[in-house]
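take a look and give me a structure for this.
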Amino acid sequence: MRDDQSILYERFKTKLEAVSGECYRVNTSTEAGELVCKVMIEKGIKNVALLDASISKKGNFSELIGGKGLTVYTDNFRAVTPDAEAGITQVNYAIAELGTLVQADSDVNQRLCSTLVPIHIALVSTSSIIPTLKETMATLHALPEIPGFVGFITGPSRTSDIERVLTIGVHGPKQLVVIFVDEEVGGAA
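Next up, the predicted model:
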């Protein structure tokens with residue numbers, strides 16, 4: 001990884017951890033799959049909704065996770081995500097200055113696997129870290145076609161609407177785990 005990417009990664013990690021997110025970095029997709037298995041076992045997760053994308057496919061996540069005796073759902077997400085203990089997606093970008101992930105995709109399954117589950121495990125290519133929100137917006141506007149959905153994820157879901165008391169996980173996942181992968185695997189989320 002280039003030095004500037006290392007700096008951006010550290011900035012992202014600091015910001016994400018400040019809002020109770022977990023952040024890791026690995027070299028390869030296979031290492032990412034092994035880390036996902038370790039995290040899931042440590043958290044007691046028994047089943048996961050896995051939205052296949054370039055990183056999870058190259059890392060053979062479905063086989064790795066299934067080989068640990070865990071149930072992997074890879075389709076019918078409308079039916080399985082309400083009861084899944086975790087969801088794995090690949091996001092398009094990470095904004096270093098905010099510790100924020102960007103989902104830019106019109107596929108509703110991306111949202112189901114990242115918002116209806118108690119634990120969201122987000123995969124992101126390290127090369128997709130963008131320094132600022134302003135540069136991220138310019139990147140989105142420069143796409144050949146603006147996606148049907150653009151979502152920003154900053155840490156676990158939180159609200160203080162209920163009598164001004166901060167509550168985690170009311171409107172989405174209670175935990176967010178972000179895994180950066182240095183290996184270029186091609187393809188987007």
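
show me where the chain has strands.
Along the chain, the segments classed as strands by DSSP state E run 22-26, 47-50, 71-73, 87-90, 93-95, 100-104, 119-125, 129-130, 150-153, 158-159, 167-168, 175-181.

show me the beta-bridge partners of the residue most central in space within the chain.
The chain has A122 as the residue nearest its centroid, 1.4 Å off, counting by Cα atoms, centre = their mean. For A122, the residues forming beta bridges with it (DSSP bridges) are T89, V178.

residues contacting it?
88-91, 101, 114, 153, 176-179 (Cβ atoms under 8 Å, 6 or more residues apart in numbering). From N, CA and C alone the C-beta is placed, and that goes for glycine too.

cool, and S128?
91-94.

buried ones in stretch 122-139?
The neighbour-count check on stretch 122-139 (16 or more other Cβ atoms under 10 Å) flags 122-126, 128-130, 136 as buried.

poorly predicted segments of the protein, please.
In the predicted model of the chain, residues 1-3, 155-173, 186-189 satisfy pLDDT under 70.

can you do 90?
1-5, 19-20, 52, 105-116, 144-175, 184-189 (pLDDT under 90).

show me where the protein has its helices.
3-18, 29-42, 54-58, 61-67, 77-80, 108-115, 133-142 (DSSP state H).

G148 is nearest to which of these?
helix 108-115 (9.3 Å; Cβ to Cβ).

what's in contact with the closest one?
So helix 108-115 is contacted by 49-51, 77-78, 81, 84, 87-89, 91, 103, 120, 122, 149, 151, 153, 157, 172-173, 189 (Cβ under 8 Å, 6+ apart).

F180 is in contact with E22, correct?
No: here E22 does not reach F180: they are 11.7 Å apart, not a contact under Cβ atoms under 8 Å.

what about these two, which has more around it?
F180 (25 against 18; other Cβ atoms under 10 Å).

out of the strands of the chain, flag the one nearest K15.
Comparing these by Cβ to Cβ, strand 100-104 comes nearest, at 7.7 Å.

and the closest one, what does it pack against?
strand 93-95, helix 108-115, helix 133-142, strand 150-153 (3 or more Cβ pairs under 8 Å, 6 or more residues apart in numbering; DSSP states H and E).

before we move on, back to that, top of the contacts of A122 by neighbour count?
I88 (31 neighbours).

contacting residues for that one?
I88 neighbours (Cβ under 8 Å, 6+ apart): 36, 48-51, 56, 61, 113, 121-123.

is there a quick ChimeraX command that grabs whichever of those residues are buried?
Restricted to buried positions by 16+ other Cβ under 10 Å, the ChimeraX selection for the contacts of I88 reads:
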select :36,48,49,50,51,56,61,113,121,122,123
